[in-house]
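Trainee: I'll drop the sequence and a predicted model, then ask my questions.
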Amino acid sequence: VGAAATAAALDRLTAGRPPVGIEPAHWAWFTRLAAAYPHDPAVLVALLLNHVRLAPGEALALPAGTVHAYLGGLAVEAMAASDNVLRGGLTAKPVDVARFVDIVDARLRPEPTRGTPDDDGGVSLPSPAPHFAWRVFDGPLATTTPAAVQIGLCTAGRVEIDDGERTLALGPGGAYYTCAASPPADIRGDGTLHLITPGGVRAESGADGRSRRT
C-alpha cells in the first residue's frame, strides 16, 4: 500500500482530523509528504518522529544515529567530516534501508536549546561535537576572528571581513572560508554572521588588539 493511499484511508477514518495523539501541524506535514512521495512507504515513519519547530536563535544538536529531515524554513547546518550518511527514504538520492536501520538509535530525542552570550558580543551555540565551535554574531558587530580554519556565513544584513590585505563584503547568503595560515581578520557590520572554527579556538583580543588562539 502506497503512502498516499494510507494517508487517504487515515483521513477517512479520522473524518479529516488528526488522529488522537498527533498534533495538527505534525499531521499536516505527514499529508504533504504523502502527496509529494505517494509511493514511498518511508512517509509512514514521519508519524513516529519527534516534530520539532525551532524559533529564531534556537539550535538543535543531532547525535549520530538520529533520524531527521528538514521540512521547511531556513536553518544553518554544520556537520563534522563524515562518509557514512545513510538515507531511509523521501529523497531521490541513494537509499540503503538495511544499513539505515542498523545504525538508527530510536531512543534519541533532541530538544532545542539556545546559545550562551559571550563577553565580546557573540553567542556560542551548544554542541556535543568536539570538532568545531559555533558562534553567532548579530550586528552591530565588531570583533576579530582567530587565525585558524574557519567558515563564515552571513544570513542577514551586511558584514565586512578585513584581514589587512583585502576587505570582503558579504550580504545574505554570502560565505567565506579561510585556511589555518590565514591572518586574523576584523569583522564589522550590521548583519548576522555564523562563525564556525575548530573546537577550542576562540577570538580573543590581545594587547595589540589582534586575536590569539586559546
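Mentor: Arrived safely.
Trainee: Might you report the residue contacts of Ala142?
Mentor: For Ala142, the contacting residues are 121, 186-188, by CB atoms under 8 Å, 6 or more residues apart in numbering. (Each C-beta comes from the backbone N, C-alpha and C, glycine too.)
Trainee: Is it in a helix, a strand, or coil?
Mentor: Following DSSP: H, G, I helix; E, B strand; the rest coil, we place Ala142 in the strand state.
Trainee: Which residue ranges of this protein form strands?
Mentor: Assigned by DSSP state E, the chain shows strands spanning 58-59, 113-114, 116-117, 122-125, 132-138, 141-145, 150-156, 159-162, 167-170, 175-178, 185-189, 192-198.
Trainee: Look up how far Arg135 lies from the residue most central in space within the chain.
Mentor: For the chain, Glu77 is the residue whose C-alpha lies nearest the centre (CA atoms, centre = their mean; 2.8 Å). Using CB to CB, to the nearest Å, Glu77 is found at 15 Å from Arg135.
Trainee: Okay, helices next: where are they in the protein?
Mentor: 3-13, 24-36, 97-103 (DSSP state H).
Trainee: Could I get those in TSV, plus columns for mean pLDDT?
Mentor: Putting the helices of the chain into TSV (pLDDT from 0 to 100) gives the following:
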stretch	mean pLDDT
helix 3-13	72
helix 24-36	87
helix 97-103	90
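Trainee: Can you say which of those helices is nearest to Thr66?
Mentor: Proximity to Thr66, assessed across the helices of the chain by CB to CB, is greatest for helix 97-103 (9.9 Å).
Trainee: Identify the bridge partners of Ala185.
Mentor: Counting by DSSP bridges, Ala185 is bridged to Thr145.
Trainee: Would you agree it is in contact with Ile161?
Mentor: Yes: Ala185 lies in contact with Ile161 (CB atoms under 8 Å); the separation is 5.0 Å.
Trainee: Have a look at those two and say which one is more surrounded.
Mentor: Ala185 (26 against 21; other CB atoms under 10 Å).
Trainee: how close does that one sit to Phe132?
Mentor: Taking CB to CB, one finds Ala185 at 18 Å from Phe132.
Trainee: Please apply the same query to Pro18.
Mentor: Taking CB to CB, one finds Pro18 at 39 Å from Phe132.
Trainee: now Pro172
Mentor: 23 Å.
Trainee: Tell me the gap between the least confident helix or strand in the chain by mean pLDDT and the middle of its chain.
Mentor: In the chain, no helix or strand scores lower on mean pLDDT, DSSP states H and E than helix 3-13, which sits at a mean of 72. How far helix 3-13 lies from its chain's middle: 32 Å, per CA atoms, centre = their mean, to the nearest Å.
Trainee: who does that helix touch, helix- and strand-wise?
Mentor: For helix 3-13, the contact count by 3 or more CB pairs under 8 Å, 6 or more residues apart in numbering; DSSP states H and E identifies helix 24-36 as packing neighbours.
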